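Visitor: Predicted model and sequence follow; I will ask about them next.
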There are 2 protein chains.
Amino acid sequence: MNSKPEFQQFLTEQINILEARFPLLLNPLKSPDILKESMLYSLNAGGKRIRPVLLLSVLHAAGKPLEAGYRTAAALELIHTYSLIHDDLPAMDDDDLRRGKPTNHKVYGEDIAILAGDGLLTHSFNLISKDEHLSADLKVALIADITDAAGPEGMVGGQVSDMQGEGKELTAEELEAIHHRKTGDLLSVSLMAGGKIAGLNEEDNKYLSLLGKHLGLAFQIKDDLLDIEGTVEEIGKPVGSDAGNDKNTYPSLLGLDGAKKKLDIHLNEARMNLQRIRHFNPVVLDGLITYIGERKG
Amino acid sequence: MNSKPEFQQFLTEQINILEARFPLLLNPLKSPDILKESMLYSLNAGGKRIRPVLLLSVLHAAGKPLEAGYRTAAALELIHTYSLIHDDLPAMDDDDLRRGKPTNHKVYGEDIAILAGDGLLTHSFNLISKDEHLSADLKVALIADITDAAGPEGMVGGQVSDMQGEGKELTAEELEAIHHRKTGDLLSVSLMAGGKIAGLNEEDNKYLSLLGKHLGLAFQIKDDLLDIEGTVEEIGKPVGSDAGNDKNTYPSLLGLDGAKKKLDIHLNEARMNLQRIRHFNPVVLDGLITYIGERKG
């Protein structure tokens, strides 16, 4: 099935809409200009917008209006962006470049970068709590799910485990568990949030959750492969930086071929679960799965 | 009116209950041990617990059961604790001691300290979103108010303004506006959250909000005075550290006597607004106001 044109159109259109909304969401804030500038600098630094697009794709697949999803979609991108700003700090990965541009702390200083991250994280829940398109019950469910995925049991916990694993030899299972939490949980919850806003039933949400699980792992394996095979122009950061940091990666554990095989397995599992969801137009999500597996950066 | 005994009893009792609950809230998390340890280290490091106690005092004054307030109260203390961990980082205030103990990053390293802060902040909204004692509407209102107070328009914004003001000469009005956001907003919202959970009417909530505003400013002035007059044992950090950092403080702007006069004005305004709230037992809150003005650390 060649779903590229419709998927590509959806992706381009939605990224444009999202990126036009970020300044509208942040500029009206009564905050110091330097803080808004710093938050918007990282939010506007490009990126694939996969998390918000996943949420919106589910609404599209279920034939629901997208408008009810935009604030939660933006909130997910704010959370992702905060995590990148904090990850790049000297005390963490100490990265100077992100998506080909100087990292937040290189431009604004470490103090503002820490606070810009804190501000984006806090404001993400403000956006959801004030969304006029969602019921209070739905907002509470979304905040519960997203804080599960982004907090100490999810992304933050995965980041700690990843740091603790550096320099140690991990099994493939241990690495998978770390990546589940570090990247997979937020990707998964983006799909699940779409499912909840769309009003999918429990069974379909289960398939969506499995789709998200496999997509998250595929995403991380692809990231590791790009770190070896990509060029600095394509991935926007120095190639081979993971190996230099003594990080555990899929290629280092399974070899290049083993990692590629694992990538295909997870992409296929994601596709299978997508097909199981009823009354669902799979074209855009199928395109996203392929895109995540084939992306060059 | 001598309200000390009942207020003191309430304070001691509620602090004990809160501190016993912190480990119960965090230890069950499926997170790396070092992350939980680091979050609990700062959460358990003592402190006055003023924000949660303010919330619980409002419920007490309104004659409502306290149980409905404990999770939101804990969430406020998690947020306050995250802000202290991040404030103490080398890139921010670079403090080695907090409440007489080594700061989080001194014990766990900067990377874990940043993530412990992120984890506490994220989890605070998880606690509220999963609180079985509150309606969805109430939870959404609380999260909206608290993220207003803690986010880019509140605490985070105030912190940025405070940093930008260092080394510059500010007017008393500018300093007041900064402190409103940096400290006052979270203290105010603690009272307001209590008012919402207690179901106070709009007019009484307005008085509560004014009470919070004046109490927040009194709190900050007292902090500045303690920095000059306190001893290192009492305030748990080196005396005079603000002056060393070239910070704007009330005593530096208004003189010692001027700052003390200003403190009294805000304490009296707080008391006046407390008296305006109907069907309200003011004893504990009145004691808290006095305590904030007279505390030694």
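Guide: Alright, I've got the coordinates. Numbers count the residues shown, from 1 in each chain, chains lettered A, B, ... in the order given.

Visitor: Are stretch A:149-159 and chain B in contact anywhere?
Guide: Yes: Stretch A:149-159 reaches chain B (C-beta under 8 Å from any C-beta of the partner chain) through A:150-153, A:156-157, A:159. All C-beta atoms are positioned from the backbone trio N, CA, C, and that covers glycine.

Visitor: Also stretch A:46-56?
Guide: No: against chain B, stretch A:46-56 shows no contacts by C-beta under 8 Å from any C-beta, the least distance being 15.5 Å.

Visitor: what does that stretch contact?
Guide: A:10-11, A:14-15, A:18-19, A:66, A:69-70, A:72-74, A:76-77, A:80-81, A:99, A:101, A:186-187, A:190-191, A:193-194, A:197, A:212, A:215, A:219, A:285, A:288, A:292, A:295 (C-beta atoms under 8 Å, 6 or more residues apart in numbering or on different chains).

Visitor: same thing but at 7 Å, please
Guide: Residues outside stretch A:46-56 that contact it (C-beta atoms under 7 Å, 6 or more residues apart in numbering or on different chains): A:11, A:14-15, A:18, A:66, A:69, A:72-74, A:76-77, A:80, A:99, A:186-187, A:190-191, A:193-194, A:288.

Visitor: Alpha carbons only: can I get it in PDB?
Guide: The C-alpha coordinates for stretch A:46-56 follow below in PDB (Å, rounded to 0.1, in the frame of the first residue of the first chain):
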ATOM      1  CA  GLY A  46      11.900  22.400  14.100                       C
ATOM      2  CA  GLY A  47      11.900  18.700  14.700                       C
ATOM      3  CA  LYS A  48       9.500  16.100  13.400                       C
ATOM      4  CA  ARG A  49       6.500  17.000  15.700                       C
ATOM      5  CA  ILE A  50       5.800  13.300  15.900                       C
ATOM      6  CA  ARG A  51       4.000  13.300  19.200                       C
ATOM      7  CA  PRO A  52       1.400  15.900  18.300                       C
ATOM      8  CA  VAL A  53       1.000  14.500  14.800                       C
ATOM      9  CA  LEU A  54       0.400  11.000  16.200                       C
ATOM     10  CA  LEU A  55      -2.400  12.400  18.400                       C
ATOM     11  CA  LEU A  56      -4.000  14.300  15.400                       C
END
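
Visitor: got the buried residues for that stretch?
Guide: With burial defined by 16 or more other C-beta atoms under 10 Å in any protein chain shown, the residues of stretch A:46-56 counted as buried are A:47-56.

Visitor: Would you mind measuring from the residue nearest the centre of chain A to chain B?
Guide: In chain A, the residue lying closest to the centroid (C-alpha atoms, centre = their mean) is A:Arg51, at 4.4 Å. Going from A:Arg51 to chain B by C-beta to the nearest C-beta, to the nearest Å gives 15 Å.

Visitor: How about A:Leu121?
Guide: From A:Leu121 to chain B the distance is 6 Å (C-beta to the nearest C-beta).

Visitor: Point me to the helix or strand that includes that residue.
Guide: Secondary structure assigned from DSSP states H and E places A:Leu121 in helix A:110-129.

Visitor: okay, the residue lying closest to A:Met163 once chain neighbours are set aside: pLDDT?
Guide: Excluding the flanking residues, the one nearest A:Met163 by C-beta to C-beta, 6 or more residues apart in numbering or on different chains is B:Asp111, at 6.0 Å. With respect to pLDDT, B:Asp111 scores 98.

Visitor: isn't A:Ala136 right next to B:Ala141, touching?
Guide: No: applying C-beta atoms under 7 Å as the test, A:Ala136 and B:Ala141 come out as separate, 8.6 Å apart.

Visitor: sorry, back to before: before we move on, which element is the residue nearest to the centre of chain A in?
Guide: Here A:Arg51 is assigned to helix A:50-61, by DSSP H and E.

Visitor: pLDDT averaged over that helix - what is it?
Guide: 97.

Visitor: Stretch A:127-136 now?
Guide: pLDDT averaged over stretch A:127-136 gives 98.

Visitor: Just the endpoints, please. Distance across that stretch?
Guide: 13 Å (C-alpha to C-alpha, to the nearest Å).

Visitor: Stretch A:166-173 too?
Guide: With C-alpha to C-alpha as the measure, stretch A:166-173 spans 15 Å from end to end.

Visitor: For that stretch, buried residues please.
Guide: Buried, per 16+ other C-beta under 10 Å, within stretch A:166-173: A:Leu170.

Visitor: pLDDT on that stretch, on average?
Guide: 85.

Visitor: helix, strand or coil for A:Lys168?
Guide: For A:Lys168, the assignment made with DSSP: H, G, I helix; E, B strand; the rest coil gives coil.

Visitor: quick one, what contacts the spatially closest residue to it that is not a sequence neighbour?
Guide: Ranked by C-beta to C-beta, 6+ apart and with sequence neighbours excluded, the top spatial neighbour of A:Lys168 is A:Asn248, at 7.5 Å. By C-beta under 7 Å, 6+ apart, A:Asn248 lies in contact with A:165, A:170, A:175.

Visitor: A:Asn248 and A:Val160: what is the separation?
Guide: Separation of A:Asn248 from A:Val160 (C-beta to C-beta, to the nearest Å) stands at 14 Å.

Visitor: Next up, the contacts around A:Ala73.
Guide: Applying C-beta under 7 Å, 6+ apart, the residues contacting A:Ala73 are A:18, A:52, A:55-56.

Visitor: That's all I had, so thanks and see you.
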